[in-house]
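Q: Here's a sequence, model it:
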Amino acid sequence: MTSTYITSVVGFRCIEAMYDTSPAVVETSLIHYLTYFSTPVSFHWQETTQARKKISLLDLASNVMGVTAAMVSLTLLLSFMEHVSYAPSAAYQYVPKIATVYLHTLLVYLLLYFGFNTQALVQNLSGYSTVPIFKNPLFASRSATEFWTKRWNIMTHTALKNGIYRPARKFWSTKISMCVTFLVSGLYHDYVWYVSFD
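A: Here you go, the predicted structure:
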């Protein structure tokens, strides 16, 4: 799943390069250009020096703890779900069906969190600060809009915004560009899920 995701996000980054919709700091040096277009992870950039921001020891420790907690949680949840054949409400009559749906949602979130944040952790261990990929979407979101636009999978959101929406805006209106982005997003998600789980 991760290799499929990386390949497709790099494809979106190529569209950014063709239509000049990437962040301005990327164009300041060859190393920034190569760094930005070779990884799906977004970096924090220093405005004054236009270099990648160094990660603090506290942020690094927090990211390591987050990935470790996700790995442990994912392991425990997978063990439980495997034990009940991924249908707790069928195995235990007292478990409501909505709990099963929530456990599946939590399982998908933990899989994505662990996979994507492991990529970010590699950059963090190299000494660079990265943009958070998830911002506690399941528990901190107050609305569906906040969930999808500000907290859930920021990496894909940014890739679609810079790689599809902004280039489309050069040719079409806002509404048509939004529809094109939504269509590409749907096809993209179907492709990733098909390749990953079929």
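Q: Please, where are all the helices along this structure?
A: 2-19, 30-38, 57-83, 88-91, 97-125, 137-140, 144-146, 154-160, 166-169, 174-197 (DSSP state H).
Q: Make TSV from the ones you listed and add distance to residue 46 to it.
A: Using the backbone N, CA and C atoms, a C-beta is placed for each residue, glycine as well. Listed next are those as TSV, based on distance: least, Cβ to Cβ, whole Å:
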stretch	distance to residue 46
helix 2-19	21
helix 30-38	11
helix 57-83	15
helix 88-91	48
helix 97-125	15
helix 137-140	27
helix 144-146	28
helix 154-160	19
helix 166-169	23
helix 174-197	30
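Q: Can you pull out the low-pLDDT segments for this protein?
A: Flagging of the chain using pLDDT under 70 yields the residue ranges 1-6, 91, 198.
Q: at 50 what do you get?
A: For the chain, applying pLDDT under 50 flags no range at all.
Q: give me every residue that touches residue 139.
A: For residue 139, the contact set (Cβ atoms under 8 Å, 6 or more residues apart in numbering) is empty.
Q: The one 10 residues further on too?
A: When contacts are counted by Cβ under 8 Å, 6+ apart, residue 149 touches residue 157.
Q: Relative to residue 143, how far out is it?
A: Separation of residue 149 from residue 143 (Cβ to Cβ, to the nearest Å): 10 Å.
Q: For residue 120, grab the count of nearby residues.
A: 24 (other Cβ atoms under 10 Å).
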